[in-house]
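J.: Any chance you could fold what I've pasted below:
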Amino acid sequence: MAKNFRDTPPRFDKDLDTILDRLYGQSDSVDLSQRLDSIPQTFVQHARGSQELKQALAKLRDARERSQGIMRMKHEIDDLKHQIAELKRLTQNIETLRRQLENDEEPP
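T.: Residues are numbered from 1 along each chain as shown. As a prediction, the model looks like this:
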């Protein structure tokens, strides 16, 4: 059987006894709602703040993922533009070489 907290040495202060009485008190008539009402408001505010922080972090994560997706698409578009410009340049070179071949094949 667990040791009764009242048997502890007197070095514990009165606040601790009050807290222990509240948590492990002998009164069975105290219901859960009364115990929940005794939770300090700072803990409730911290819990609310923690939840709001988690939601803000989730929104920030979503925004970052969207931003990274947009940046990847911009890089792909830039690469495609570069490839298109390179293909146009190569097409012009091919046309120039074709004309030169045609001019070289004609008899003087």
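
J.: switch to C-alpha atoms for all contacts and neighbour counts from now on
T.: Noted.

J.: Next secondary structure after the worst-scoring helix or strand of the chain on mean pLDDT?
T.: Ranked by mean pLDDT, DSSP states H and E, the helix or strand of the chain with the weakest confidence is helix 32-37, at a mean of 56. Heading C-terminal from helix 32-37, the first helix or strand you meet, by DSSP states H and E, is helix 41-105.

J.: how about low-confidence regions in this protein?
T.: Low-confidence segments of the chain (pLDDT under 70): 1-14, 25-41, 43-44, 107-108.

J.: cutoff 80 now
T.: Per-residue confidence for the chain (pLDDT under 80) gives these ranges: 1-49, 105-108.

J.: Count residues in the vicinity of Thr96, would you?
T.: 12 (other C-alpha atoms under 10 Å).

J.: do the one 4 residues further on as well
T.: Counted with other C-alpha under 10 Å, the burial measure for Gln100 works out to 11 neighbours.

J.: List the buried residues for stretch 58-75?
T.: Going by neighbour count (16 or more other C-alpha atoms under 10 Å), nothing in stretch 58-75 comes out as buried.
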